[in-house]
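**Q** Based on what follows, work out the 3D shape:
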Amino acid sequence: MKVLVIGRGGREHTIIWALNKSPNVEQIYCAPGNAGIAELAECVDINEHNFEELGQFAKKRNIDFVVVGPEDPLFAGIVDYFESIHIPVFGPRKNAAIIEGSKVFTKDLMKKYNIPTATYESFDVYEKALNYLHQQKLPIVIKADGLAAGKGVIVAQTMEEAEAALKDMMLDKVFGEAGNHVVIEEFLQGQEMSILAFVDGEVVRPMVPSQDHKPIFDGDKGPNTGGMGTYSPVPHIPQAVVDEAIETILVPAAKAMVSEGRTFKGILYAGLMITKNGPKTIEFNCRFGDPETQVVLPQLQTDLSDIFLATINGNLKELEINWSEETAVCVVLSSGGYPGSYEKGIPMTGLDQVESSVVFHAGTALKDGQIVTNGGRLVGVTATGANISEARQKAYADVEKIQYDGKHYRTDIAQKALVAQQ
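**A** Numbering: from 1, shown residues only. Okay, here's the model as predicted:
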């Protein structure tokens, strides 16, 4: 089979790495891809939003199915487009991708179908939002309604921070139109956990859980990023709690989308907080997480192409999906200055010295035969092992081998799991 993967990040590199192991996949194309992806697939210089050109390419190369990685083209209706030209495609349609594209929609959906989440109110008038804010307890969470590249959520510890976040979103439009509506919700305390699931309508096939590290610095300090590292599974959260999250959150969400006439097919990602009152939903995403994918897919034993096709064809219910007993840890290396401003085009060395891990490229490019920095998050170094400690040790040993000016990474990825197990 010939497969076209759309995207350019670490998530897409991981998807391609997993598809590359399939005996059924003979050729993988990626549009537009990156320097690491180019080692496994033929990269095609077509932007993710150029639907027509992507469709023409898929027809010309007789692509058997398309996999859409990032959220932006999903929310813009890329799946609807490929379906309209009769090319099989994995991902939710535009009317289902709204589960990530609008936080107001999703909070209202959870309220309507009694899916556990934080209490909240939504606003499209700044003065009303500000008035409500002044009546709330701190800390408080403020979310831009629309897509904001994973950065449209502010956890404000003080009223000054909360007021500034609200002004940034609603008046100064730092996230563009995403800030036209905002959600103000209670701050949930507990352990975070992500559960991704393959979903085909009401059929929900959960993956192994993982835990992300959003803030830029050790100890969860500093501004939020797209994710500085992950580990999977999450050994200190009991399986009974994982099962409860699946039964009270993921399955009802999939059923709710069917009831709303927005049948979801693709990856449903639930960002959860395990509170003293049980699992609650922080957010839903409509695609593979990044960097969660980098630790989840290395544990998958079933052929990923079989899962994609079963979902596309409506046969997911009949497919057995198996996972390994190993653990995985991913450490993300970022550009100096990220998530603020940073330089691009800085040479990276030592990537060929990595021995025990897989390096999934995110923001890299090839320039004059040399891999250089080309983004904020650059690579994810993923290692597997019999336990978290072993996988973590391998990953960090390989992180040390990669060098570039401005190198930054967190040194405490998966430390929470080790502390909890002591």
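**Q** and the nearest residue to R410 once chain neighbours are set aside, what does it touch?
**A** The spatially closest residue to R410, leaving aside those adjacent along the chain, is M228, at 4.8 Å (CB to CB, 6 or more residues apart in numbering). Placement of C-beta: from N, CA and C, glycine included. Contacts for M228 (CB atoms under 8 Å, 6 or more residues apart in numbering) come out as 213-216, 331-332, 334, 377, 409-410, 413.
**Q** If you rank those residues by neighbours, which is first?
**A** Of all those, V332 has the most neighbours under the rule other CB atoms under 10 Å, reaching 31 neighbours.
**Q** Quick check: the gap between that one and P339.
**A** To P339, V332 is 12 Å away according to CB to CB, to the nearest Å.
**Q** likewise V241?
**A** Using CB to CB, one gets 31 Å for the distance from V241 to P339.
**Q** Name the nearest residue to the residue nearest the centre of the chain, sequence neighbours excluded.
**A** Nearest residue to the geometric centre of the chain (CA atoms, centre = their mean): G289, 1.7 Å. Leaving aside its sequence neighbours, G289 sits nearest to Y269 (CB to CB, 6+ apart; 5.1 Å).
**Q** Check which helices and strands the helix or strand that neighbour falls within is in contact with.
**A** According to DSSP states H and E, Y269 maps onto strand 265-275. The contact analysis (3 or more CB pairs under 8 Å, 6 or more residues apart in numbering; DSSP states H and E) places strand 265-275 against helix 94-101, strand 191-200, helix 239-245, helix 251-259, strand 278-285, helix 304-313.
**Q** Where does pLDDT dip in the chain?
**A** 149-151, 421-422 (pLDDT under 70).
**Q** who's in contact with the nearest residue to E326 once chain neighbours are set aside?
**A** With CB to CB, 6+ apart as the criterion, E326 has its nearest non-adjacent residue at 4.7 Å, and that residue is T384. By CB under 8 Å, 6+ apart, the contact list for T384 reads 298-299, 324, 326-328, 391, 394.
**Q** let's go with 6 Å and repeat that
**A** If you count contacts by CB atoms under 6 Å, 6 or more residues apart in numbering, T384 has them with 298, 326, 328, 391.
**Q** do V241 as well
**A** Neighbours of V241 in contact, by CB under 6 Å, 6+ apart: I274.
**Q** And it, how far from I140?
**A** Relative to I140, V241 is positioned 26 Å away (CB to CB).
**Q** K255 now?
**A** Between K255 and I140 the distance is 31 Å, computed by CB to CB.
**Q** Those two - which one has more neighbours?
**A** Taking neighbours as other CB under 10 Å, K255 and I140 compare with I140 leading, 22 against 16.
**Q** is the more buried one in a bridge, and if so with what?
**A** Beta bridges link I140 to A156, E186 when assigned by DSSP bridges.
**Q** Test my guess that it contacts A156.
**A** Yes: between I140 and A156 there is a contact under CB atoms under 6 Å: 5.3 Å.
**Q** joint contacts of those two?
**A** Common contacts of I140 and A156, defined by CB under 6 Å, 6+ apart, comprise A162.
**Q** thinking again about what came up before, who's in contact with the strand holding Y269?
**A** 91-92, 188, 190-197, 199-200, 237, 241, 245, 249-250, 279-280, 282-285, 287-289, 311.
**Q** Likewise for stretch 69-86?
**A** Applying CB under 6 Å, 6+ apart, the contact partners of stretch 69-86 are 6-7, 11-12, 48-49, 51, 55, 66, 68, 89, 91, 93-94, 97, 100-101, 286-287.
**Q** Then stretch 170-180?
**A** By CB under 6 Å, 6+ apart, stretch 170-180 touches 126, 144, 146-148, 152, 168-169.
**Q** Select from these every entry located in helices.
**A** Under the assignment DSSP state H, the contacts of stretch 170-180 contribute Y126 to helices.
**Q** Buried members of the contacts of stretch 170-180 into PyMOL, please.
**A** Selecting only the buried entries of those in PyMOL, with 16 or more other CB atoms under 10 Å as the criterion:
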select buried, resi 144+146+147+148+152+168+169
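**Q** still on that earlier bit, neighbouring strands for the strand holding Y269, and are they parallel or not?
**A** Strand 265-275 has the following strand partners under DSSP bridges: strand 191-200 (antiparallel), strand 278-285 (antiparallel).
**Q** and it with helix 304-313, angle?
**A** 100 degrees (axes from the mean of the first three to the mean of the last three CA atoms, to 10 degrees).
**Q** Convert the C-alpha atoms of strand 265-275 to CSV, please.
**A** The C-alpha trace of strand 265-275 is given here as CSV (Å, rounded to 0.1, in the frame of the first residue of the first chain):
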residue,chain,number,x,y,z
LYS,A,265,-13.8,8.7,13.4
GLY,A,266,-10.1,9.0,14.2
ILE,A,267,-8.1,9.7,17.3
LEU,A,268,-9.9,11.1,20.3
TYR,A,269,-7.5,12.4,22.9
ALA,A,270,-8.7,13.0,26.5
GLY,A,271,-6.5,15.2,28.7
LEU,A,272,-7.5,14.3,32.2
MET,A,273,-7.0,15.3,35.8
ILE,A,274,-7.2,12.5,38.4
THR,A,275,-8.8,14.4,41.3
